[in-house]
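Engineer: no sequence for this one, just the structure:
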């Protein structure tokens, strides 16, 4: 995968525990274009590669803007960004990729929880630029936790943005029973913590929203109980080689030990970079990337986190 060298032109504290990073190309050339909902891979030192959504207006090609939550429970990427990356730092990034694109709709409903505002903000910018009908709802613990609050308040679409604070009075809190009462021809986009996303999706489905009108992006993988994990085998279709995957190890790790390179990034089943075709056997899907229908087909899986329900998986490798 091709990479781009960028410099951090500015690092700004946007809210409690959240910093934004403005990235500009080292060579001064325009950056690759992107659509709202896109993300980039950011290489933090030699140890971490993390995905961050682009939150600037998609028409901008002179810079990328990302927002990073300092997460003490993370695997180190966000802490490294906050503690080691400052204005003037040089970073390696990927070109933008988009697993969370906008589709044409008569009306769009945007719902963000916490740091999930980053792709939602780019969507609001894109929809406003073309005069589309939309509404944005942003849920956070308190005003101090609301990143990009001043930017949203000063935007040309500020009247379409609604803030909901856990710390505020009941009247301003998000009321999904009212908001989701009439799906009609609306499309809903939601991003934020997994529990928040699950709550919004469950509420939408209870109000009759079809899955085709629901769009979601997760920032972290699901919490999985691994106590019952058992070893299984994977067979490489190209060579016939059979490899044992013990409990506590991933398919990606076992393949790497044998010098077999499968591209991967998030290691949590969120980004889809490592998606691999399954020719035989039944995967134990643990990703948040594939839809329920795609998982039910059992013809592909994410070897970074998913395992097997059968004793053998034959992989198209």
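Structural biologist: In hand now; what should we look at? In this text, all values refer to a predicted model and were calculated from it rather than measured experimentally.
Engineer: and the residue of the chain most remote from its centre, helix, strand or coil?
Structural biologist: Relative to the centre of the chain, and counting by CA atoms, centre = their mean, the farthest-placed residue is residue 240 at 35.0 Å. Residue 240 carries the three-state label coil when classified by DSSP: H, G, I helix; E, B strand; the rest coil.
Engineer: Can you give me the neighbour number for residue 132?
Structural biologist: For residue 132, the number of neighbouring residues by other CB atoms under 10 Å comes to 16. For the C-beta atoms, the positions are set from N, CA and C on the backbone; glycine is no exception.
Engineer: Which residue, other than its chain neighbours, is closest to it?
Structural biologist: What sits nearest to residue 132 in space, not counting adjacent residues and going by CB to CB, 6 or more residues apart in numbering, is residue 108, at 6.5 Å.
Engineer: So which bits of stretch 140-150 are buried?
Structural biologist: Buried positions in stretch 140-150, judged by neighbour count with 16 or more other CB atoms under 10 Å: 140, 145, 146, 147, 148, 149.
Engineer: for the first one, what are its contacts?
Structural biologist: By CB atoms under 8 Å, 6 or more residues apart in numbering, the contact set of residue 140 is 15, 113, 114, 146, 163, 164, 165, 166.
Engineer: picking up where we left off before, and the pLDDT for the residue farthest from the centre of the chain?
Structural biologist: As predicted, residue 240 sits at a pLDDT of 95.
Engineer: Sheet-wise, list the partners of whichever helix or strand the residue nearest to residue 132 is part of with their directions.
Structural biologist: According to DSSP states H and E, residue 108 maps onto strand 107-113. In the sheet containing strand 107-113, its partner strands are strand 134-140 (parallel), strand 186-192 (parallel), by DSSP bridges.
Engineer: what about the last one, average pLDDT?
Structural biologist: Which is strand 186-192. Taken as a whole, strand 186-192 carries a mean pLDDT of 96.
Engineer: what does that strand contact?
Structural biologist: Contacts of strand 186-192 (CB under 8 Å, 6+ apart): 37, 53, 100, 102-103, 105-120, 123, 139, 180, 196-197, 200-201, 204, 209, 213-219.
Engineer: Among those residues, the buried ones, what's the ChimeraX command?
Structural biologist: A single ChimeraX command is used to select the members of the contacts of strand 186-192 judged buried by 16+ other CB under 10 Å:
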select :37,53,100,102,105,108,109,110,111,112,113,114,115,116,117,118,119,120,123,139,180,196,197,200,201,204,209,213,214,215,216,217,218,219
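Engineer: can you list the strands paired with strand 107-113 in JSON lines and add distance to residue 251?
Structural biologist: Conversion of the strands paired with strand 107-113 to JSON lines gives the following (distance: least, CB to CB, whole Å):
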{"stretch": "strand 134-140", "distance to residue 251": "36"}
{"stretch": "strand 186-192", "distance to residue 251": "28"}
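Engineer: Flag the shaky bits of the protein, pLDDT-wise.
Structural biologist: For the chain, the stretches flagged by pLDDT under 70 are 1, 47, 73-76, 220-224.
Engineer: Just give me the longest strand of it.
Structural biologist: Determined from DSSP state E, the single longest strand within the chain is strand 3-15.
Engineer: by how many degrees do it and strand 134-140 diverge?
Structural biologist: Note on geometry: by axes from the mean of the first three to the mean of the last three CA atoms, to 10 degrees, strand 3-15 and strand 134-140 are set 70 degrees apart in direction.
Engineer: Listing partners with orientation, what would you give for strand 3-15?
Structural biologist: Sheet pairing of strand 3-15 (DSSP bridges) gives strand 18-25 (antiparallel), strand 90-94 (antiparallel).
Engineer: buried ones in that strand?
Structural biologist: Of all the residues in strand 3-15, those buried under the rule 16+ other CB under 10 Å are 4, 6, 8, 11, 14, 15.
Engineer: could you measure the last one against residue 173, distance?
Structural biologist: It stands for residue 15. Plainly put, residue 15 is 19 Å away from residue 173 if you go by CB to CB, to the nearest Å.
Engineer: what about the strands in the stretch 201-317 of the chain?
Structural biologist: Under the criterion DSSP state E, counting those that start in this stretch, strands of the stretch 201-317 of the chain are mapped to 214-218, 232-236, 242-245, 276-280, 283-284, 300-301, 307-308, 312-315.
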